[in-house]
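Student: no sequence on this one, just coordinates:
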């Protein structure tokens with residue numbers, strides 16, 4: 001029987017991520033900022049980078065559609081680090097405790113293959129994972145069930161003995177449909193209580 005394991009999402013579980021963190025510095029008018037993030041640099045557009053499209057290609061395509069915003073669109077690539085906010089220290093502490101207690105811990109993240117290595121270099125907590133499945137490397141994004149299967153196969157996970165943690169409900173539901181135990185992340189205190197209740201954290 002496979003050992004118990006905890007499988008974590010990364011963005012907005014361990015570190016705050018929001019393009020608004022960058023663009024609030026570049027667009028002063030709140031109405032224009034909202035329009036830009038809902039019609040130009042959208043989550044749907046960025047998801048293609050998470051699916052494996054190079055940033056240079058995505059930026060070029062979007063700039064061709066919105067030439068008046070070319071400089072702002074390019075900023076999403078060259079100033080990517082500024083879309084990442086503060087660490088969520090409570091979750092990092094939980095990860096450290098799980099690792100110290102011998103629990104198997106892994107990551108499953110929608111993340112650009114080209115932005116993931118520098119992110120890891122800047123964030124030492126990523127060293128605690130025994131392995132991470134990165135969507136941009138697999139050319140698959142959550143909630144596609146195939147990317148969860150990649151993680152289960154690669155890490156030898158028993159879904160019924162694996163707790164999956166994510167801040168997006170559709171991603172948690174996808175994991176649960178594959179037999180995993182799901183936790184919708186809202187804050188570290190609730191996660192800690194849930195992992196203790198399930199017997200995964202002492």
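Tutor: Done, it's in. As the structure is a computational prediction, the values presented were derived from the model and not from experiment.
Student: Who are the contact partners of residue 56?
Tutor: residue 77 (C-beta atoms under 8 Å, 6 or more residues apart in numbering). Using the backbone N, CA and C atoms, a C-beta is placed for each residue, glycine as well.
Student: what's the closest non-adjacent residue to residue 176?
Tutor: Setting aside the residues directly before and after it, residue 176 is nearest to residue 182 in space (C-beta to C-beta, 6 or more residues apart in numbering), at 4.3 Å.
Student: Tell me if that neighbour really is in a helix.
Tutor: No: the assignment for residue 182, made by DSSP: H, G, I helix; E, B strand; the rest coil, is strand rather than a helix.
Student: Share the number of residues neighbouring it, please.
Tutor: Using other C-beta atoms under 10 Å, residue 182 has 18 neighbouring residues.
Student: Then residue 65?
Tutor: With other C-beta under 10 Å as criterion, residue 65 counts 10.
Student: Which pLDDT value goes with it?
Tutor: Looking at residue 65, its pLDDT is 98.
Student: Which segments of this structure make up each domain?
Tutor: 5-16+86-197, 18-84 (automatic domain parsing).
Student: Out of these, which is the most enclosed?
Tutor: domain 5-16+86-197 (a mean of 18; mean count of other C-beta atoms under 10 Å).
Student: Ends of it, what's the gap?
Tutor: Start and end residues of domain 5-16+86-197 are separated by 15 Å (C-alpha to C-alpha, to the nearest Å).
Student: Tell me if residue 41 really is in a helix.
Tutor: No: applying three-state DSSP, one finds residue 41 to be coil, outside a helix.
Student: ok, so what distance separates it from residue 8?
Tutor: Separation of residue 41 from residue 8 (C-beta to C-beta, to the nearest Å): 26 Å.
Student: Check residue 58 too.
Tutor: Counting by C-beta to C-beta, the gap from residue 58 to residue 8 is 26 Å.
Student: Same check on residue 176?
Tutor: 16 Å.
Student: Equivalent analysis for residue 71, please.
Tutor: In terms of C-beta to C-beta, residue 71 sits 35 Å off from residue 8.
Student: Likewise for residue 108?
Tutor: 7 Å.
Student: Show me the helices in the chain, by range?
Tutor: Applying DSSP state H to the chain gives helices spanning 19-26, 30-39, 43-50, 55-65, 70-78, 89-100, 116-122, 135-138, 145-155, 169-177, 188-197.
Student: to the chain's geometric centre, what's the distance from the second one?
Tutor: Think helix 30-39. 23 Å (C-alpha atoms, centre = their mean, to the nearest Å).
Student: I'd like to know which elements that helix is packed against.
Tutor: helix 19-26 (3 or more C-beta pairs under 8 Å, 6 or more residues apart in numbering; DSSP states H and E).
Student: Could you do the last one as well?
Tutor: Counting contacts by 3+ C-beta pairs under 8 Å, 6+ apart, helix 188-197 is packed against helix 89-100, strand 181-184.
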